[in-house]
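Peer 1: give me a model of this one.
(3 chains)
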Amino acid sequence: MAYWLFKSEPDAFSIDDLANRPNQTEPWDGIRNYQARNFLRDDVKVGDQLFFYHSSCKDVGIVGVAEVVKAAYADDSQFNPESKYYDPKSSQDNPRWVMVDVQFKQKFKRILPLAKIKAMPQITELGLVKKGHRLSIMPVTESEWDSLYQAANAG
DNA sequence: GCCAACGTTGGC
DNA sequence: GCCAACGTTGGC
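Peer 2: You can find the predicted model right below:
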């Protein structure tokens, strides 16, 4: 079992949106970055836990926890010309992009803000706190997970 | 809205 | 295969 951090812009899809979905489950589509795609395709497994992170908004930070309930399969938005995620270079035979299904687990009482995460002495290697890291999906170590989880619940 | 940092594209 | 130009990300 592995730990991850998934970023989402709450204006597009927030943790509340996830909690309000049928079965509180949603395909995590729209990943169009190869490094993030490779994580999804090769490493993200059913049962993995992930921090739900709100980016590009007024209050950025970790807002809750979700769990992977379906491993990588073809992201159907890449075949839809109407979608902003449409990729004309991808084919049904050889899909370029994949997605996983995630299920809501928990919303923290308060957001764990990025500024606090950056101030935590235990968190120095996480991509989130490294300059210029823009990955929308990144691995989290078990010790990082424990530290962040405790900090979120202490807040 | 600004802008730095990064990834991707495409001409050569 | 290089690299400049361009588009995107994402914190502030």
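
Peer 1: for A:P139, what are phi and psi?
Peer 2: When read as degrees, to the nearest 10, the backbone of A:P139 gives phi -70, psi 150.

Peer 1: now it: how far from A:Y53?
Peer 2: 13 Å (C-beta to C-beta, to the nearest Å). For every residue, glycine as well, the C-beta is placed using N, CA and C.

Peer 1: if you count surrounding residues, which of these two has more?
Peer 2: Shown here are A:P139 and A:Y53; by other C-beta atoms under 10 Å, A:Y53 has more neighbours (25 against 16).

Peer 1: so the more buried one is in contact with A:A66, correct?
Peer 2: No: A:Y53 lies out of contact with A:A66 (C-beta atoms under 8 Å); the separation is 10.6 Å.

Peer 1: residues shared between the contacts of the two?
Peer 2: A:F6 (C-beta atoms under 8 Å, 6 or more residues apart in numbering).

Peer 1: residues shared between the contacts of A:P139 and A:Y53?
Peer 2: A:L5.

Peer 1: how about the helices in chain A?
Peer 2: A:15-19, A:34-38, A:114-119, A:142-154 (DSSP state H).

Peer 1: do the longest one and DNA strand C come into contact?
Peer 2: If I follow you right, that is helix A:142-154. No: Helix A:142-154 is not in contact with DNA strand C by C-beta under 7 Å from any atom of the strand; minimum separation 14.5 Å.

Peer 1: from the chain's centroid, how far away is that helix?
Peer 2: 16 Å (C-alpha atoms, centre = their mean, to the nearest Å).

Peer 1: again with stretch A:44-61
Peer 2: 4 Å.

Peer 1: the closest residue to DNA strand B within chain A: how many residues sit nearby?
Peer 2: Closest contact between chain A and DNA strand B, by C-beta to the nearest atom of the strand, is at A:G132 (2.3 Å). A:G132 has 5 neighbours, counted by other C-beta under 10 Å.
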